[in-house]
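Trainee: Below are the sequence and a predicted model for it; my questions follow.
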Amino acid sequence: MGLWTEAVSGIRHMTPAQVSDAVSGFASAYVRDWESWLAVRDAQRPVVLGQILRRWQATRPEPMRRERAAATHAAPYLEDLFADAQASIRVLGALDLSTFRRRTEAQERSLRALWGNFSRLAATGEASCVGITKSILLVTDGRIGPAFDSTVRERLRLERPKYGTDWIGTVDLIADDLAAFVAWHGPLAEAVPPHFRHLAVGRLYD
């Protein structure tokens, strides 16, 4: 099946108990990484962003850009990518996966800008959707997700989006999948174990 589908079926046919089991089974290392990210101070975020993305092999097999003090490549550095993302993050505001379909034109431009910004994540060549969407998931604190790694793409039967517009269209379909679950069962956060309920909806879907 190609990139564009009539419907994405990730969770719409799951019961709350199945969702709870799936979230509970998430790898503990990724859970620790996420809690570390949410707790880190603003000044340290570019460095921690790099640390987490390297553990998540976000640009494999290409090397990933480093912070200025550790880089052996030319600019931009991770601090630059993080700083450049902040204007888009401010425009997005509280937009998340549950409200994604109701975005404004300005928010859509900011989403495309985030994609373009993090396409520079690889130190050589251009980052794939994996690194880009993992970066966006992190810098939005889990509001805009999921990350498009191979597991997610296989589960949702989607090809790799190559452009920001493709990615946005695919997230629309994922937002519809979330909405279908919510219509039957209520908010996604109510279906997960209590210690995960503080997480943003894009991260929970991820």
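Mentor: Received it, and whenever you're ready, just let me know what you need.

Trainee: only C-alpha atoms for contact and neighbour calcs from this point on.
Mentor: Fine.

Trainee: and S88, how many neighbours does it have?
Mentor: 21 (other C-alpha atoms under 10 Å).

Trainee: Please report the number of neighbouring residues for R157.
Mentor: Neighbours around R157, by other C-alpha under 10 Å: 17.

Trainee: ok, now the one 4 residues further on?
Mentor: The burial metric for P161, expressed as a neighbour count using other C-alpha under 10 Å, is 19.

Trainee: Helices along the chain, start to end?
Mentor: Secondary structure of the chain (DSSP state H): helices located at 16-24, 28-39, 45-55, 78-92, 105-118, 129-139, 150-156, 164-185, 201-205.

Trainee: and the ones you listed, which is most packed in?
Mentor: Ranked by mean neighbour count, those are led by helix 129-139 with a mean of 24 (mean count of other C-alpha atoms under 10 Å).

Trainee: who's in contact with that helix?
Mentor: For helix 129-139, the external contacting residues (C-alpha atoms under 8 Å, 6 or more residues apart in numbering) are 37, 49, 53, 57-59, 82, 85, 89, 114-115, 118-119, 121, 143-150, 160-162, 202-203.

Trainee: again, but for stretch 55-72
Mentor: 46-47, 50, 54, 73, 76-79, 121-125, 127-128, 130-132, 134.
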